[in-house]
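Student: how would this look folded up:
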Amino acid sequence: MKLLILGGTVFLGRHLVTAAQVRGHEVTLFNRGQHNPELFPAVEKLRGDRDGDLSALAGRRWDAVIDPSGYVPRLVAASAALLADAVEHYTFVSSLSAYANFAQPNQDEGAPLATMDDPTVEAITGETYGPLKVLSEEAAQTALPGRVAVIRPGLIVGPHDPTDRFTYWPVRVATGGDILAPAPADYPVEFTDVRDLAEWMVRVAEERIPGVFNASGPAQAATLGGLLKTSRQISDSNARFVWTDDSFLQENGVQPWSQLPLWIGNGPEYAGFSRYDCSRAIAAGLTFRPVEETVAATLEWAQSRPAGYAWRAGLTPERETELLAKWAMERK
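Tutor: As a prediction, this is how the structure comes out:
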């Protein structure tokens, strides 16, 4: 298969390239060349910009395209329209943030979608990210009716994750000692190893599978406590988990998801967060490796990063120490 990837050098994109190469496909990348340009020296690279310069794509043909870099509907519409007669199949990477709310557990692909008052807004924020993904899905589907796979992942994790939203926990647990953790220990979490997602998406493109798919794992229902215990087992650390409640964390200004990754709070408005129906993707062949493998690979990769790396998520050691001391005082 001749496969075009829009992007291909950051996180999911680079794993898509690797998965496609393993499966023997001929890969072409289209990007600006600004991120990791040294990757994949043997792969054809077309330079351009989705915002105004798609000329490198003109006059070419591929069997399929995978778009992991579409966030703005106008730009997705332009790329999809240009490629409509140049590819047989278009895979668009959306997000579980496309849904209108997190209050309902086990939402499937037919659940209500996010909207925004002004569809011309292009600034990507916490409020607009989901609605923009919805409009981008529609743009791709309009350009290639019946030939689009819309993939809605949740948290994508594993080696080369630039967000640290999962990586924080294996690394912090490996460091050992008392660890501030948001209660309860059975707090549900969902995440998908980037290697599993990438391999499946390449197969979706191979088989020209259309439709919309929630794509989040792991195979068995997971909890934050289970993830932390697995991380302790893999790293063989002496970590001790100090489970703190919502009210304490909120009173002390701890930011959900960013300062304590995977936790977004226990309010009823989040009853469906990390609880999505992904049966359609599983029926279409999505599989999930054991969590132990994801933790081990993430930890190995994280330890290879340069000293002094600036974390993008998680508590600083100083802030965690301060909070642990305050929690201990309040428990006396």
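
Student: residue boundaries of the strands in the stretch 151-300 of the chain?
Tutor: Taking DSSP state E, counting those that start in this stretch as the criterion, the stretch 151-300 of the chain contains strands spanning 156-157, 178-182, 188-189, 192-193, 211-215, 222-223, 240-244.

Student: any chance of these in a markdown table, with distance to K133, mean pLDDT and mean neighbour count too?
Tutor: For every residue, glycine as well, the C-beta is placed using N, CA and C. A markdown table is the format used below for the strands of the stretch 151-300 of the chain (distance: least, Cβ to Cβ, whole Å; pLDDT from 0 to 100; neighbours: other Cβ atoms under 10 Å):
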| stretch | distance to K133 | mean pLDDT | mean neighbour count |
| --- | --- | --- | --- |
| strand 156-157 | 14 | 98 | 26 |
| strand 178-182 | 27 | 98 | 21 |
| strand 188-189 | 21 | 96 | 22 |
| strand 192-193 | 16 | 98 | 26 |
| strand 211-215 | 12 | 98 | 22 |
| strand 222-223 | 24 | 96 | 18 |
| strand 240-244 | 33 | 98 | 16 |
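
Student: nearest to L57, of those strands?
Tutor: Of all those, strand 211-215 sits nearest to L57, with 24.9 Å by Cβ to Cβ.

Student: Kindly format the C-alpha coordinates of that closest one as PDB.
Tutor: Taking Å, rounded to 0.1, in the frame of the first residue of the first chain, the C-alpha atoms of strand 211-215 are listed here in PDB:
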ATOM      1  CA  GLY A 211     -17.100   4.600  10.100                       C
ATOM      2  CA  VAL A 212     -16.600   6.200  13.500                       C
ATOM      3  CA  PHE A 213     -14.800   4.400  16.300                       C
ATOM      4  CA  ASN A 214     -14.200   5.100  20.000                       C
ATOM      5  CA  ALA A 215     -10.700   3.900  20.500                       C
END
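
Student: contact partners of it?
Tutor: 96, 107-109, 137, 149-154, 192, 197, 200, 276-278, 280-281, 284, 286 (Cβ atoms under 8 Å, 6 or more residues apart in numbering).

Student: if we go to 7 Å?
Tutor: By Cβ atoms under 7 Å, 6 or more residues apart in numbering, the surrounding residues in contact with strand 211-215 are 96, 108-109, 149-153, 192, 197, 276-278, 280-281, 284, 286.

Student: Parallel or antiparallel, which strands does that strand pair with?
Tutor: Paired neighbours of strand 211-215 in the sheet (DSSP bridges): strand 148-153 (parallel).

Student: Name the residues of the strand it pairs with that are buried.
Tutor: Counting neighbours by 16 or more other Cβ atoms under 10 Å, one finds that the buried residues in strand 148-153 are 148-153.

Student: In PDB, could you pull the C-alpha coordinates for that strand?
Tutor: Presented in PDB, the C-alpha positions along strand 148-153 are these (Å, rounded to 0.1, in the frame of the first residue of the first chain):
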ATOM      1  CA  VAL A 148     -13.500   8.100   6.000                       C
ATOM      2  CA  ALA A 149     -12.600   6.300   9.200                       C
ATOM      3  CA  VAL A 150     -13.000   8.700  12.200                       C
ATOM      4  CA  ILE A 151     -10.900   7.500  15.100                       C
ATOM      5  CA  ARG A 152     -11.800   8.900  18.600                       C
ATOM      6  CA  PRO A 153      -9.000   8.000  21.000                       C
END
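
Student: per-residue confidence averaged over that strand?
Tutor: Averaged across strand 148-153, pLDDT comes to 98.

Student: Next: stretch 91-103.
Tutor: The predicted confidence, averaged over stretch 91-103, sits at 97.

Student: what about that stretch, distance to the chain center?
Tutor: Its chain's C-alpha centre lies 11 Å from the corresponding centre of stretch 91-103 when counted by Cα atoms, centre = their mean, to the nearest Å.
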